[in-house]
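1. the following comprises the amino acid sequence and a computationally predicted model.
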Amino acid sequence: MALFLAETAGISVLFALPRFKEGQFGGKIAVSVTDFPKVSDAPVANNLGKFWMVTTDKGLIANYKVCTHLGCIYAWDGLANRFACPCHGSQFQKDGTYIAGPAPRSLDTFALEAFDQAGNPVGQSADGSPLAVPANAVTIKVNTGLKITGKSHF
């Protein structure tokens, strides 16, 4: 009986440990601050991390690339200056805020952390709000394991 309980506990611990490594979706993905676009530029897709890198007047945002309606992959519409879902027509502002369509909420985002040259943390946004980038930040880590649900518009 003791052996059975020890085996069960060992398997449970292994199952509970995170299996995602840094650099993989589900873990933290490091991006250079210079990889993020300028405020006036279009968002930049990060396909490895499945997010859009966005810069607004308030700071950096990483919008999850999956529409909040039915899970389609939306795209940036440069002519309309907004994100648009090709499946059912949901539309979102550059910062992920809901504009129109059947989506029940704004876009989901990921938590961000800023690090200096030595690897010391210099800022974070754990609640999905834009990350104001400190002057000494060189790397942004996007935590794709910590998705922040967008705000409902209902």
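-> On my side now, so go ahead. Numbers count the residues shown, from 1 in each chain.

2. quick one, phi psi at residue 65?
-> phi -80, psi 10 (degrees, to the nearest 10).

3. tell me the contacts of the residue nearest to it when sequence neighbours are not counted?
-> Spatial nearest neighbour of residue 65, excluding adjacent residues (Cβ to Cβ, 6 or more residues apart in numbering): residue 50 at 4.8 Å. (Each C-beta comes from the backbone N, C-alpha and C, glycine too.) Going by Cβ atoms under 8 Å, 6 or more residues apart in numbering, residue 50 touches 25, 64, 65, 66, 144.

4. so among the residues you listed, which ones count as buried?
-> If you count burial by 16 or more other Cβ atoms under 10 Å, the buried members of the contacts of residue 50 come out as 64, 65, 66, 144.

5. the last one - that's part of a strand, no?
-> Yes - counting by DSSP: H, G, I helix; E, B strand; the rest coil, one finds residue 144 located in a strand.

6. returning to that earlier point: and which of the contacts of residue 50 is nearest to residue 103?
-> Closest to residue 103 out of the contacts of residue 50 is residue 66 (10.8 Å), distances taken as Cβ to Cβ.

7. can you tell me the centre-most residue of this structure?
-> By Cα atoms, centre = their mean, the chain has its centre lying nearest to residue 110, at 2.8 Å.

8. thought that one was touching residue 149?
-> No - counting by Cβ atoms under 8 Å, residue 110 sits too far from residue 149 to count as a contact (11.2 Å).

9. count of neighbours near residue 39?
-> 12 (other Cβ atoms under 10 Å).

10. which strand or helix spans the residue nearest to it when sequence neighbours are not counted?
-> Leaving aside its chain neighbours, residue 39 sits nearest to residue 55 (5.2 Å; criterion: Cβ to Cβ, 6+ apart). Residue 55 is part of strand 51-56, with elements assigned from DSSP states H and E.
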